[in-house]
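> Sequence unavailable; structure follows:
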């Protein structure tokens, strides 16, 4: 007897994957799972989705967190981070791989965050980003202020209220930014760069309201710290509450304990400044009145002196001294020139006595050769040489007919 076999259902791969996906999705236990593990193989492509593996000592499972959820992260994820996640389990139909679709991520152990904080702090401090000498001075009365913060939080309302109360004519440029979540560091850095390039502002406030360490973590990232350090415009931070300190606070040019305190720090209260100015003007007026009163009293006292009635008496003695000095000076000058005249007379007589003309007057003559050289010895001439003989009156042109040189005993010897 033959038996007909029941027909066997043949599944398509995609059909099976879809069936398993529906099977998993219909299980309420698998749609709201809380799972603890360590993140590894973390990557975030241009789509903004987060892909990673969640593992423990003996097992692992793939996980994906879509961009809409990733932007809500309080703390950026990293490999090696211990986390507690809420997710649903399903199958990715294309690959037939089951994976976790993550809704929430909570880092486990604040100690890990503190270690990361201290490591980055030590690194930036070593590079000198916290040094006081690199801090830029805040302008006394800025005209335009840049503001980096979320446009939906309470912080921006508080800041704007304080700024405009203190200085109603102030220009404010808001550069919106995410202040928590995985995309916050990029967003804050981008806003700072925009204000530096196009804002034309005098000072920048980077602010965010209070929150947990995880919620404030974007301000503890290296990217935000380096963006603040690179700003050519002074940066003031007002992040969290008074007890909250972030890496951004350490790098900033000034740190305020709260967003509203940051607003008060960068802009003086014009009413208070006007009051101070009024006080100074009144003080200056009182000082001026007091000074003028003293001067008037002094002038009144001087007016009582008899010398002012006849001021010429004040200069009579000085006039006498001046006249005496002039007379004495005249005598000194006269005596000086008389002495010089006498000395010049003596010198003149000495020069006159030595004059060759005086010698000629006594019957002597001066004999020169054809070159004008004075002849002082018979040895200087030869027979037949022409000579000029200078007399007291006139001169003679002579020819040497003979030469007589002096002998050793002083007697001339003929030399013809």
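Arrived safely. Because the structure is a prediction, the values reported are computed rather than measured.
> how about low-confidence regions in the protein?
Across the chain, the ranges flagged by pLDDT under 70 are 1-7, 109-112, 273, 303-314, 356-357, 359, 407-416.
> give me that answer again for 50
Across the chain, the ranges flagged by pLDDT under 50 are 1-2, 410, 415-416.
> who does the one helix or strand residue 205 maps to touch, helix- and strand-wise?
Residue 205 belongs to strand 203-208 when assigned by DSSP states H and E. Judged by 3 or more CB pairs under 8 Å, 6 or more residues apart in numbering; DSSP states H and E, the packing partners of strand 203-208 are strand 144-149, helix 154-166, helix 184-194, strand 235-239, helix 259-266. (C-beta placed from N, C-alpha, C; glycine too.)
> Give me the packing partners of the next helix or strand after the second one, helices and strands only.
Pointing back at helix 154-166 there. Tracing the chain past helix 154-166, the next element assigned as helix or strand by DSSP H and E is strand 171-176. Taking 3+ CB pairs under 8 Å, 6+ apart as contact, the helices and strands that strand 171-176 lies on are strand 144-149, helix 154-166, helix 184-194.
> mind listing what residue 38 touches?
54-56, 80-83 (CB atoms under 8 Å, 6 or more residues apart in numbering).
> What count of nearby residues applies to residue 16?
13 (other CB atoms under 10 Å).
> where's it, which helix or strand?
Assigned by DSSP H and E, residue 16 falls within helix 13-25.
> contacts for that helix?
By CB under 8 Å, 6+ apart, helix 13-25 touches 11, 30-31, 88-91, 93-94, 96, 98.
> Buried ones from those residues, can you make that a ChimeraX selection?
Selection of buried members from those for ChimeraX, criterion 16 or more other CB atoms under 10 Å:
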select :30,88,89,90,91,98
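> Looking at the contacts of helix 13-25, spot the one nearest residue 204.
residue 88 (42.2 Å; CB to CB).
> Excluding chain neighbours, give the residue nearest to that closest one in space.
Nearest residue to residue 88, sequence neighbours excluded (CB to CB, 6 or more residues apart in numbering): residue 31, at 4.5 Å.
> on that earlier part again, please identify the pairing partners of the strand holding residue 205 and their relative orientation?
Strand 203-208 pairs in its sheet with strand 144-149 (parallel), strand 235-239 (parallel), by DSSP bridges.
> In contact with the residue nearest to residue 88, which residues?
Shown in contact with residue 31 (CB under 8 Å, 6+ apart): 25, 88-89.
> With distance to residue 340 added, can I get those in a markdown table?
Formatted as a markdown table, the contacts of residue 31 follow (distance: CB to CB, whole Å):
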| residue | distance to residue 340 |
| --- | --- |
| 25 | 132 |
| 88 | 125 |
| 89 | 128 |
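> List just the nearest of these to residue 284.
residue 88 (75.4 Å).
> Let me know whether that closest one touches residue 29 as I believe.
No: using CB atoms under 8 Å, residue 88 is not in contact with residue 29, being 10.2 Å away.
> Secondary structure class of the residue nearest the centre of the chain, three-state.
In the chain, the centroid-proximal residue (CA atoms, centre = their mean) is residue 136; its distance is 8.0 Å. When classified by DSSP: H, G, I helix; E, B strand; the rest coil, residue 136 comes out as coil.
> That's all I had, so thanks and see you.
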